[in-house]
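1. Please find the sequence and the predicted model below.
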Amino acid sequence: MQAKEAIIAITGQITGLLDQFTPYDYRKPLDEYDGSSIGQHFRHILEFFQCLQQGISDGQVDYAARKRNLLYEDNPALAAEAFYSFCREIEAYSDTLPLSVCAEFGTEIRPVYESTVGRELLFIYDHAIHHLAIIKIGLNCQFPHISAGKNLGVSPSTVKSRQSAS
């Protein structure tokens, strides 16, 4: 599987979950997240996708420049449409296209590193898996009626390792 296919697959998992949420449950503050909502985690994943999308247009990605659009954390249908939109556009991206990535380490200086679209697709994929693992905690604790696969939020290397061990 290539990076674009992996992004499309994980977006399918994400939108499959989003389709099961009511807006009320999606934006409900959860104790497990210190009052944050599942919607905030989905918005956060989406904004990394959007930062990459903008960075491809600009030639430089800045993941710290997220718009933090509250509509995406309040409305699961709107978030799902934004994920679909990203997937429709990634086919046009060349994995080898060079990009610069502006880093944020909490200091005045923001170094810039060289990367490629393919490497950044890998980054947002791994980032999404990490947040899906957090989302899965909220699902298990608060929303057992929402169907998520057992491998939601699990790295493909871990899935493979578990399969070979059994």
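-> Received, thanks.
2. how close does residue 29 sit to residue 52?
-> Counting by Cβ to Cβ, to the nearest Å, the gap between residue 29 and residue 52 amounts to 29 Å. Yep, even glycine has a C-beta here, placed from its N, CA and C like the rest.
3. what about these two, which has more around it?
-> residue 52 (23 against 11; other Cβ atoms under 10 Å).
4. pretty sure that one is touching residue 120, no?
-> Yes - applying Cβ atoms under 8 Å as the test, residue 52 and residue 120 come out as touching, 5.2 Å apart.
5. so what sits against both of the two?
-> Residues touching both residue 52 and residue 120 (Cβ atoms under 8 Å, 6 or more residues apart in numbering): residue 61.
6. And the contacts of the strand or helix carrying residue 11?
-> Per DSSP states H and E: residue 11 is located in helix 3-18. Helix 3-18 is contacted by residues 1, 26, 42, 45, 49, 76-77, 79-80, 83-84, 86-87, 90-91, 93, 95, 118, 121-122, 124-125, 128-129, 132, 135, 139, 146, 148-149, 152, 156 when judged by Cβ under 8 Å, 6+ apart.
7. Just these: which are in helices?
-> In this view, those that belong to helices under DSSP state H are 26, 42, 45, 49, 76-77, 79-80, 83-84, 86-87, 90, 118, 121-122, 124-125, 128-129, 132, 135, 139, 156.
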